[in-house]
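Peer 1: What follows is a predicted protein model with its sequence.
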Amino acid sequence: MTQALSNYIKPGGTLLVLDLLKDDDLMIDGVFAEHGTYDIVAHKGGFTRHQVEEAFDAAGLVSFDFDDAISARKNGYPITLFVARGVKPLATSSSPRP
């Protein structure tokens, strides 16, 4: 998905992602009970910093940044959302200049 999104970014543009930070102690079925009813989420349980950084690297994005953004409660459970940022490098010419 990150690769697909990066294809829409112009060189020098930024991709921002806001998503659930993975927490092994979080009871995902309680937090997102609606996900059991609908098959709408491809990756349940959130992402680690490492997973997001790997996806951004694979998409060719640089200047990776990752921060906890929002602490909230959903269905009584504490959750943390992160924001990740990556930049599509400026295009470089493969032919030498005279």
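Peer 2: All right, it came through fine.

Peer 1: Other residues contacting stretch 60-71?
Peer 2: By Cβ atoms under 8 Å, 6 or more residues apart in numbering, the residues outside stretch 60-71 that reach it are 2, 6, 15, 18, 21, 49, 52-53, 56-57, 78-89. Yep, even glycine has a C-beta here, placed from its N, CA and C like the rest.

Peer 1: Just the strands from the chain, written as ranges.
Peer 2: Taking DSSP state E as the criterion, the chain carries its strands at 14-20, 62-74, 77-87.

Peer 1: Would you pull up how far the first one lies from the middle of the chain?
Peer 2: In this view, strand 14-20 has its centroid 5 Å away from the chain centroid, taken as Cα atoms, centre = their mean, to the nearest Å.

Peer 1: So which bits of it are buried?
Peer 2: The neighbour-count check on strand 14-20 (16 or more other Cβ atoms under 10 Å) flags 15, 17, 20 as buried.
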